[in-house]
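Chemist: please find the sequence and the predicted model below.
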Amino acid sequence: MQVFNNLTRKLEAFSPKNKGFITIYSCGPTVYDVSHVGHARSCIVWDMLCRFLKFNFEDNLEPGQEAHKVIWIRNITNVDDKIVNRAVEAGISPDKLSRIYTHEFWSDMTALNISWPDLEPRATDFIREMIKFIEDLIEKGFAYEVQGDVYFRVHKHKDYGQLKGLSIADLEKGEARVDTNSKKENQLDFALWKAFPREEYSFDSPWGKGRPGWHLECSTMIKSILEDLNLGSTLDIHSGGDDLIFPHHENECAQSECLSDTKLAKYWMHNGMVMINGKKMSKSENNFMTIKDLLEKYSPSTIRYFALSTHYKKQINFSDEALSAAQTGFNKLLESISKNEKEKELDNALISSFRDAMKQDLNTPQALAMLFDNKDKPLTVSYLLAVLGFDLSQKTSAQGASLNSKFDSVMRLLLDIRAKARENKDFAMGDLVRDSLTSIGIKIKDNRNDQSEWEIE
RNA sequence: GGUGGCAUAGCCAAGUGGUAAGGCAGAGGUCUGCAACACCUUUACCCCCAGUUCAAAUCUGGGUGCCACCUCCA
């Protein structure tokens, strides 16, 4: 299998680091608000990767291949200034707020049929380990304390800039658009620990009350989990959105690699950003869409199909036109395979071409095209759709959330038909509608001005 | 200002040296009382210019356009 490794900017053959295991860490959400379509894309993509790895390395081994258990780790970031600010606004504790949005996130993930990660560490459960991590970095001379803050010395890491593909000198050339922080030895240095005077959410540390820097949690949790599993200190795959490459992932690399003297991850994979109507998704510019908004109009399968019909590394533009086309197209595929003659057994040639496409850095657009080309093989097509994470039990057009609004329209229609019948003195027809609805448990009420209303009993 | 990415039909999107997959929309047809559904058929010389090659959407150079990152972000 070939994957594009952002560390080398090349397509590389994927080979697991440890015998018997494949470890993947995906950067998860900061739980301070409802999840948006960017999270949806990212989660669908990495879910698809894990499902395919399981297909390829656990269940359908090729001759001579050893089985590997796939372990997917996705974190929940529940320490963050935004969480504290929101919590203060809402008048609840930051912990409560982050738990509320964690549940919101889970419900979105469930709706989208994203499989549960094998491990889902939360930042606050690893504060002690983070402090130890920082202490060790200070001891080794990679970090320094200033007035309750602790910063990482970027210049001490020889590979700094590797993920971004730049040298430290190059990075320094970039126009500094950040407020300069005079506490740092160097502007590129980043915080491992921030003094945090607010009582709402700070933790005791050797440097006083404060909170960990954002990048630290991933490094620490990866370290702890890999140690617990006895799998060394290098992940197979670290994944996340493009926007995380710098500085988030770069800094994770720096911390971890300076501490352990080994690579943090063998392969770095990044998904492209989501655009909405051709422009960057941005809350401040009011160009924004939540997963719940999207589920109002489109089925989970449509969203997955749409997300996978573009290669994961490319930008994807969520426009109504494209999503509607995806909905129509995918429903046609499902309808078609449900109507076709049943195959007796799986078509191995098709499975094999599908797998070849997927092995080429997850070429889902090509893999999906193959399914359209093989509508006459419903058994195999359904099987392969499941490999990509489609939940076919959701049925074609029974689009969960959009059902409600459609139901309203259908009821309106039935009432119109009944009104027409009564107008024509066809009371048998009118009563048929009313009595049938009543027997289903929907009560019809005719009010004075001939406006009928309904309610579910 | 620095860096990276992308540019394929009306729209979405594969293809990375051998003569343009697939989907949506459109057109024609089979089916149908008429439709819908399904099925069949059909629609592109790949942003521009120059070069390398027997051969380029695919490689090289130069343009143009769009986007992202450099600040919290999947």
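Modeler: Happy to help now that I have it. Numbering: from 1, shown residues only, chains lettered A, B, ... in the order given.
Chemist: where do the helices sit along the stretch 1-150 of chain A?
Modeler: Listed in chain order, the helices of the stretch 1-150 of chain A (DSSP state H, counting those that start in this stretch) span residues A:37-54, A:81-90, A:94-111, A:127-139.
Chemist: mind putting those into JSON lines with mean pLDDT?
Modeler: Putting the helices of the stretch 1-150 of chain A into JSON lines (pLDDT from 0 to 100) gives the following:
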{"stretch": "helix A:37-54", "mean pLDDT": "96"}
{"stretch": "helix A:81-90", "mean pLDDT": "90"}
{"stretch": "helix A:94-111", "mean pLDDT": "95"}
{"stretch": "helix A:127-139", "mean pLDDT": "96"}
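Chemist: closest one to RNA strand B among these?
Modeler: With distances scored as C-beta to the nearest atom of the strand, the stretch of the helices of the stretch 1-150 of chain A nearest to RNA strand B is helix A:37-54 (2.6 Å). The way it works is simple: take the backbone N, C-alpha and C, and place the C-beta from them, glycine included.
Chemist: now for that closest one, which elements pack on it?
Modeler: Packed against helix A:37-54 by the contact rule (3 or more C-beta pairs under 8 Å, 6 or more residues apart in numbering; DSSP states H and E) you find strand A:21-26, strand A:69-74, helix A:94-111, strand A:235-241, strand A:265-271, strand A:274-276, helix A:291-297, helix A:300-308.
Chemist: figure out which of those is closest to residue A:379.
Modeler: Of all the helices and strands packed on helix A:37-54, helix A:300-308 sits nearest to residue A:379, with 18.2 Å by C-beta to C-beta.
Chemist: report the backbone C-alpha coordinates of that closest one in CSV.
Modeler: What follows is the C-alpha trace of helix A:300-308 in CSV, where atoms were taken according to Å, rounded to 0.1, in the frame of the first residue of the first chain:
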residue,chain,number,x,y,z
PRO,A,300,-25.2,10.5,6.3
SER,A,301,-24.4,8.3,3.3
THR,A,302,-24.6,11.3,0.9
ILE,A,303,-22.2,13.2,3.1
ARG,A,304,-19.8,10.3,3.2
TYR,A,305,-20.1,9.8,-0.5
PHE,A,306,-19.5,13.4,-1.2
ALA,A,307,-16.5,13.5,1.1
LEU,A,308,-15.0,10.4,-0.5
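Chemist: so, low pLDDT: which residues of the stretch 301-450 of chain A?
Modeler: With pLDDT under 70 as the threshold, the stretch 301-450 of chain A has low-confidence stretches at A:394-406, A:448-450.
Chemist: contact residues of the stretch 151-300 of chain A facing RNA strand B?
Modeler: Proximity of the stretch 151-300 of chain A to RNA strand B is confined to A:164-166, A:170-171, A:173-178, A:214, A:240-248, A:271, A:273-275, A:278-281 under the rule C-beta under 7 Å from any atom of the strand.
Chemist: would you list the buried entries among those residues?
Modeler: Buried residues within these, counting neighbours by 16 or more other C-beta atoms under 10 Å: A:166, A:171, A:214, A:240-241, A:244-248, A:271, A:273-275, A:281.
Chemist: ok, these vs residue A:116, which is closest?
Modeler: Comparing these against residue A:116 with C-beta to C-beta picks out residue A:240 as the nearest, at 18.3 Å.
Chemist: what's the neighbour count on the closest residue to the closest one other than its chain neighbours?
Modeler: Nearest-residue entry for residue A:240: residue A:27, 3.7 Å, with adjacent residues in sequence omitted and distances by C-beta to C-beta, 6 or more residues apart in numbering. A total of 21 residues lie near residue A:27 under the criterion other C-beta atoms under 10 Å.
Chemist: so who does residue A:27 touch?
Modeler: Applying C-beta atoms under 8 Å, 6 or more residues apart in numbering, one finds that residue A:27 lies in contact with A:74, A:75, A:218, A:239, A:240, A:241, A:244, A:248, A:249.
Chemist: need the helices and strands packed on helix A:37-54 in JSON lines (columns: distance to residue A:122).
Modeler: Output for the helices and strands packed on helix A:37-54, formatted as JSON lines (distance: least, C-beta to C-beta, whole Å):
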{"stretch": "strand A:21-26", "distance to residue A:122": "14"}
{"stretch": "strand A:69-74", "distance to residue A:122": "11"}
{"stretch": "helix A:94-111", "distance to residue A:122": "8"}
{"stretch": "strand A:235-241", "distance to residue A:122": "17"}
{"stretch": "strand A:265-271", "distance to residue A:122": "21"}
{"stretch": "strand A:274-276", "distance to residue A:122": "25"}
{"stretch": "helix A:291-297", "distance to residue A:122": "20"}
{"stretch": "helix A:300-308", "distance to residue A:122": "26"}
